[in-house]
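Enquirer: What would the 3D arrangement of this be:
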Amino acid sequence: CKLVHKTRKLVSVHRTRLEGIRVPMDTDELARLVDQLALQGSELQDTEVKLAGQGLPSTSVLESMSAFANRRGGGVIVFGLDEAAGYAVVGVYDAARLQEEMAALASDAMEPPIRLDFTLLERETGTVVAAEVPECPDERKPCYIRSKGLANGAYRRVGNTNRRMTAEELAQFLGSLRDDFEAEPVRRATLEDLDADAIERYRQAIIDRQPDSGVRHASVAHLLRRGGFAVEEGQRLIPTVAGLLVFGDAPEDFLPRAVVTVTQFEGTTSVASSGATSRYVFDREITGRVRDVIVSTVETLMSRVGRRAQVRGLWREEVPEYPEAVIREAVTNAVAHRSYAYRGTAIRIRIFSDRIEIRSPGTLFGTVTLENIEHEQSTRNPRLAAALREFGLMEQRGTGVSMMIAEMSRQGLAPPAFEESDTSFQVTLRNAHLMSPEMREWLARFASHDLSEPQMLALAYLRLNGRMVNGDYQRINSVDGPTATRDLRGLVETDLVQMHGTRGGAFYTLRGQDGPALPTLPVGHRPRDSREAIVRLVAHLQPASRSAVAKAFYGRDDLTDSELRAVGDVLQELAREGRLVPRGERKGRVYFAGDRG
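Expert: Residues are numbered from 1 along each chain as shown. Here you go, the predicted structure:
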C-alpha cells in the first residue's frame, strides 16, 4: 500500500495539468467511432462495447474501468451497440439514468475514484452513450475495484479484452511505474560482488568532469551511498539494483535478464518461407555492467550491419547502413530507461535485412508519450542515468530523440519509428530512404488526390513502417498536434488511410490493398494439414487471437463453431510444441510466433 500511494511530485504536477485540459469527445468523433466499429466488426484496444438495453452490466463495467484507467491513454466504453448484430445501434435503456449510474460506480466503486466524461449520439434506432475513462495518474496506479481489493480487483487491457492482473503481473506493473526500483537493496549480494576497479573508474570520471566535486578522498562506502548504489542495514552495506548494474562483477547472477540479446535473421522476417522459424545467422547474449553492455552492444550491431556507397564531393566512400550515433543513442536509452522490475525479460534486439528493432521491457515512463517523446523528460532510473552521464554515455538531456531524427534525415533515411505496447517499448530503425526513386514512383499513383507534401511523406512512412501515430506525423513533418490531426483526418477522408482506435490511442494504417499482404495460404486444406501456414499467419498478425487466425485462414468472417475449434486445436498444439507462445486466458488469449522473452 505504501508503494501504491507513494507520491512523485513531478509526475503529479504534470498529470494535474493534463487533467485540467482534457477535452471530451464530441458527437462527430463518437459517430466516426461507431461507424468504425461496425466496419471493423470487433472491439478495439481502447474501446469496449456494452449492450445496455435492459440495464447496466455493472460487473463487467467495473472491470473495463479498471483496465482502461491502468492503460496508457485510457479508453472508451460505448453503450447501445449490439455486438451480435454487427455493432448495430440499438440504444440504451435510459441515457440519463445510465450516466448517473456510471458516474456513481466510477466515484464510489473504484480506487482511486474516476471522473468520467460522457458523449451522446442520437440515431434513429436509439441513443448511444460513450463514457471516456481517463488514464489514472502513475502515482495512483493501479486503479482497482474497491470491493475486491488490490490483489483481486486490478485489471489490465490485453488486446480488446480485460484481464485480471495476477500477483506476478501486479508486482511487475507496480515496479514498472516506480522511479526507485533501482534503489532496492539486493540482500543476497555483498560489497565483494562489486568490482573495485569499476568503482575507482567511476570516481575518476566524476573528478574529470567535476574537479571540485569532493569525491577524490571520499571512502568507497560514502561514494556508493552518495550515488544510491548501496544502502546501510544495521552494520551491513548492501548493494542496490543500480549498484550491481553499474559496478557488479556479474550483475546477471542477481538480475538474470538484465542483459541484451542480439539476433540477426537472413531476411525481413523471423519466419522462413517454409513456415518454420527462420534460421538466424547470428545470436548473442551480452552480459555485464551497463557501461560495458552498451559499448559491446553497439560494437556488435555495427559489425553486423551492411555498408552502402555514399558520394561526398568528388569522393565515393563506404558508410554503415545506419548512423552509429543513432544506434548508440537507441541502445543507451534502452539500457538506461528499461524497467528492471520485469526480471524475466531482456532487452531484445533483432536485425533484419531492412531494419533493426530494439525492444525494451516497460512502457514509456512518467509524462513521456509517443506524441511528446522528442521533447519531454522523465527518468525511470535516475541513479543509473546519472552514472551513465558521469561515464560520458549520456551527455545530452532531452535531445537524444531529436538527434536520432536529424541524423537519420541527414543521411536520407526514414526517421526512427517508436511503438509502445502494454509491457514494452520499441524503436525501429530502417535502412531505406524515405523518398527513394521507387517510393516516389509508388506515390505517383495518388497524384489525383491533391495531397500536400506532408501527407505524401506520411504515406511513404506508412508504407515503410505499417502504422503511424499523431506524434510520428508531427516528427516527420515538423508540425504541431492540431495540424497533424487535421492532415491525418484528410488522409482518412481520401480512403487511402484507415484510423484505428480513438483519440490518444489512435493509430493509422494504409487501406487494405496498400498494406502488407497476408502470407500465401494453401487452398482447401484443413487447419491440421496446414500447420506451417498457421505459424506464418500468427507471425504476421501477432498478437493473434484464435478468431483473427481463423478468419484469415478461411478467408471469411462467417465462421462456424467447428471451424473455430479446428483452428484453436492447432494453435494449442503448436503452443505445446513451443512453436507458438500463448498469452492470456480464455477469451483474451493471443499467440505469438517464436520466443517472446
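
Enquirer: give me the low-pLDDT residue ranges for the stretch 1-150 of the chain?
Expert: 1-23 (pLDDT under 70).

Enquirer: can you give me the strands in it?
Expert: For the stretch 1-150 of the chain, the strands defined by DSSP state E, counting those that start in this stretch cover 47-50, 75-79, 81-82, 88-89, 110-111, 117-123, 126-133, 144-145.

Enquirer: For the fourth one, which strands pair with it and how are they oriented?
Expert: To tie it back to what came earlier, the one meant is strand 88-89. Here strand 88-89 has these sheet partners by DSSP bridges: strand 81-82 (antiparallel).

Enquirer: List the contacts of the strand it pairs with.
Expert: Residues outside strand 81-82 that contact it (C-beta atoms under 8 Å, 6 or more residues apart in numbering) are 34, 37, 49, 50, 51, 53, 87, 88, 89, 90, 128. No exception for glycine: its C-beta is placed from N, CA and C like everyone else's.

Enquirer: Just give me the closest of those to residue 167.
Expert: Comparing the contacts of strand 81-82 against residue 167 with C-beta to C-beta places residue 50 closest, at 28.7 Å.

Enquirer: Distance check, the residue nearest to the closest one when sequence neighbours are not counted against residue 499.
Expert: Residue nearest to residue 50 in three dimensions, not counting chain neighbours: residue 79, with 4.9 Å by C-beta to C-beta, 6 or more residues apart in numbering. With the distance defined as C-beta to C-beta, to the nearest Å, residue 79 ends up 22 Å from residue 499.

Enquirer: before we move on, what about residue 468?
Expert: Taken as C-beta to C-beta, the span from residue 468 to residue 499 is 10 Å.

Enquirer: Residue 183 now?
Expert: Residue 183 is 42 Å from residue 499, by C-beta to C-beta.

Enquirer: and if you look at residue 62?
Expert: Noted for residue 62: a distance of 29 Å to residue 499, by C-beta to C-beta.

Enquirer: Next: residue 285.
Expert: Residue 285 is 40 Å from residue 499, by C-beta to C-beta.

Enquirer: Who has more neighbours out of those two?
Expert: residue 499 (16 against 12; other C-beta atoms under 10 Å).

Enquirer: Now do the same for that one: helix, strand or coil?
Expert: For residue 499, the assignment made with DSSP: H, G, I helix; E, B strand; the rest coil gives strand.

Enquirer: Can you tell me the closest non-neighbouring residue to it?
Expert: residue 492 (5.1 Å).

Enquirer: How about the contacts made by that neighbour?
Expert: Taking C-beta under 8 Å, 6+ apart as the test, what residue 492 contacts is 498, 499, 508.

Enquirer: likewise residue 495?
Expert: residue 511.

Enquirer: Determine whether the claim that it is in a helix is correct.
Expert: No - read with three-state DSSP, residue 495 is coil and lies in no helix.

Enquirer: okay, it: pLDDT?
Expert: Residue 495 carries a pLDDT value of 86.

Enquirer: Next one: residue 343, what pLDDT does it get?
Expert: 78.

Enquirer: so it, which of the three states?
Expert: Under three-state DSSP, residue 343 comes out as coil.

Enquirer: Could you tell me how many residues sit around it?
Expert: Residues near residue 343, counting by other C-beta under 10 Å, number 16.

Enquirer: how much space between the spatially closest residue to it that is not a sequence neighbour and residue 338?
Expert: Once flanking residues are discounted, residue 343 sits nearest to residue 257: 6.1 Å by C-beta to C-beta, 6+ apart. The gap separating residue 257 from residue 338 is 10 Å, by C-beta to C-beta.

Enquirer: Looking at those two, which is more packed in?
Expert: residue 338 (25 against 17).

Enquirer: Can you report phi and psi for the more buried one?
Expert: Main-chain dihedrals, residue 338, degrees, to the nearest 10: phi -70, psi 160.

Enquirer: And for the one 10 residues further on?
Expert: Here is the backbone geometry of residue 348 (degrees, to the nearest 10): phi -120, psi 120.

Enquirer: so it sits right up against residue 359, yeah?
Expert: Yes - Residue 348 lies in contact with residue 359 (C-beta atoms under 8 Å); the separation is 4.8 Å.

Enquirer: Residue 438: how many residues sit nearby?
Expert: Each residue near residue 438 was counted by other C-beta under 10 Å, and the total is 10.

Enquirer: Distance across stretch 161-179, terminal residue to terminal residue?
Expert: From its first residue to its last, stretch 161-179 covers 29 Å (C-alpha to C-alpha, to the nearest Å).

Enquirer: Kindly report the same for stretch 142-151.
Expert: Calculated as C-alpha to C-alpha, the first-to-last residue distance of stretch 142-151 is 10 Å.

Enquirer: Can you list the neighbours in contact with it?
Expert: 1, 4, 62-63, 65-66, 69-70, 108-112, 114, 136, 153-155, 165, 167, 170, 173-174.

Enquirer: can you rerun that using 10 Å?
Expert: Stretch 142-151 is contacted by residues 1, 4, 59, 62-63, 65-71, 105-106, 108-114, 133-137, 152-156, 164-167, 169-170, 173-174, 177 when judged by C-beta atoms under 10 Å, 6 or more residues apart in numbering.

Enquirer: Which ones among the residues you listed map onto helices?
Expert: In helices, defined here by DSSP state H, the members of those are 59, 62-63, 65-69, 105-106, 108, 152-153, 167, 169-170, 173-174, 177.

Enquirer: Mark which of the residues you listed are buried, thanks.
Expert: 62-63, 65-69, 105-106, 153, 170, 173-174, 177 (16 or more other C-beta atoms under 10 Å).

Enquirer: Now do the same for residue 285: helix, strand or coil?
Expert: strand.

Enquirer: Contact partners for it?
Expert: Neighbours of residue 285 in contact, by C-beta under 10 Å, 6+ apart: 252, 257, 259, 260, 261, 262, 263, 346.

Enquirer: Then residue 393?
Expert: For residue 393, the contact set (C-beta under 10 Å, 6+ apart) comprises 290-291, 294-295, 298, 328-329, 331-332, 335-336, 385, 387.

Enquirer: I'd like the buried ones among the ones in helices among the contacts of stretch 142-151 laid out as CSV, including distance to residue 589.
Expert: Formatted as CSV, those follow (distance: C-beta to C-beta, whole Å):
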residue, distance to residue 589
62, 22
63, 17
65, 23
66, 20
67, 16
68, 20
69, 23
105, 28
106, 29
153, 22
170, 20
173, 20
174, 24
177, 26
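
Enquirer: Most neighbours among the contacts of strand 81-82, which one?
Expert: Counting neighbours by other C-beta under 10 Å, the top entry in the contacts of strand 81-82 is residue 128, with 26 neighbours.

Enquirer: Provide the backbone phi and psi angles at residue 584.
Expert: Torsion angles, degrees, to the nearest 10, at residue 584: phi 90, psi 180.

Enquirer: where's it relative to residue 576, distance?
Expert: 16 Å.

Enquirer: Have a look at those two and say which one is more surrounded.
Expert: The residue with more neighbours, out of residue 584 and residue 576, is residue 584; 15 against 10, by other C-beta under 10 Å.

Enquirer: low-scoring stretches of the chain, by residue?
Expert: Checking the chain against pLDDT under 70 turns up 1-23, 271-279, 309-317, 395-398, 503-505, 512-525, 555-558, 586-587, 594-597.
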